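Undergrad: Could you look at this predicted model? Sequence included:
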Amino acid sequence: MPIITFKEFQKMDLRIGKVIKAEKVPNTKKLIRMAVEIGEGEIRQIVAGMAEHLRPEKLQNKNVVVLVNLEPKEFMGLESRGMILAADLDGKPILITPEEDVPPGTKIR
């Protein structure tokens, strides 16, 4: 991976998000569609390939780390407007979550 500058890092809008709703995308093995509150009442649809390892009901009401300013991408006709960050442990996603309850929209720096 290339080294980036601090100025480049500052371009990333990382925030705490709260998963309001999560459901498996029909006719797929990997995709989960989530409604995630990212602060000030804004709710974004985020689609992630986690369904083989995480049940949607386990994501409900969970605080997660979201990359908010990632360009939108379409999966199976669904627009995803952000990315949930997770560690990759042998192909299994391990969600990055705050140690304490933090309001949606809290900036990560």
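TA: Sure thing, it's come through.

Undergrad: Show the pLDDT at the residue nearest the centre of the chain.
TA: The centroid of the chain falls nearest to residue 84 when counting by Cα atoms, centre = their mean (1.8 Å). pLDDT, residue 84: 98.

Undergrad: so it makes contact with residue 33?
TA: No: in this structure, residue 84 is not within contact of residue 33 by Cβ atoms under 8 Å, at 11.7 Å. For the C-beta atoms, the positions are set from N, CA and C on the backbone; glycine is no exception.

Undergrad: what's the spacing between residue 102 and residue 76?
TA: 31 Å (Cβ to Cβ, to the nearest Å).

Undergrad: So these two - more neighbours on which side?
TA: Higher neighbour count among residue 102 and residue 76: residue 102, with 14 against 11, using other Cβ atoms under 10 Å.

Undergrad: host element of the closest residue to that one other than its chain neighbours?
TA: In space, and not counting its chain neighbours, residue 102 is closest to residue 16: 4.7 Å by Cβ to Cβ, 6 or more residues apart in numbering. Take DSSP states H and E as the rule and residue 16 turns out to sit in strand 14-24.
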